[in-house]
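**Student:** what shape does this take:
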Amino acid sequence: MKNPKQSAKSTTPFQQRVYFAAAKIPRGHVTTYACLAAALGCGSARAVGQALGCNPSPSHTPCHRIVKSDGTLGGYFKKTTGDACKTKRSLLEGEGVTFTPSGRVHEHFILRTLKADQVLDCRNSQKTPSGAAQ
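**Tutor:** Coordinates of the predicted model:
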């Protein structure tokens, strides 16, 4: 899925930091919007979610690996129901992530704290998630 409303060239520095950090979440795991926000030092899970909703390059930025604190999916490309969320769940299941009967990610797949080498190095990064210098 590609976001037609935003190109990689029009991303803000904050969005670039979010995308860089999200790209470091390992396959088969998820983290939460709040955890990612805290690791980035921004304090706003909503701001992280909004940035991820504008993701211009999901092949480099696996925004499907970010979920709500309660383990539910949250949104995917600014949609919280329908095919977009089915796609998010399918992507996660394809990576081996499993869900409870109520639709929450099983807790052992959720990274509740992020290691410094996973996120903190993106604070001053001058690279995009694809690794190309800006």
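**Student:** quick one: contacts for the closest residue to residue 44 other than its chain neighbours?
**Tutor:** Nearest residue to residue 44, sequence neighbours excluded (CB to CB, 6 or more residues apart in numbering): residue 37, at 5.5 Å. Where you see a C-beta, it was placed from the backbone N, CA and C, and this is true even at glycine. Residue 37 is in contact with 43-45, 47-48, counting by CB atoms under 8 Å, 6 or more residues apart in numbering.
**Student:** for residue 32, same thing?
**Tutor:** Per CB under 8 Å, 6+ apart, neighbours of residue 32: 45, 66-69, 110, 112.
**Student:** what is the nearest of those residues to residue 18?
**Tutor:** When the contacts of residue 32 are ranked by distance to residue 18 (CB to CB), residue 66 comes first, at 9.0 Å.
**Student:** give the bridge partners for that closest one, please.
**Tutor:** residue 31 (DSSP bridges).
**Student:** ok, it to residue 45 distance?
**Tutor:** 9 Å (CB to CB, to the nearest Å).
**Student:** pull up the overlap in contacts between the two.
**Tutor:** 32-33, 36.
**Student:** between the residues you listed, which is nearest residue 102?
**Tutor:** When those are compared for distance to residue 102 (CB to CB), residue 32 wins out at 16.9 Å.
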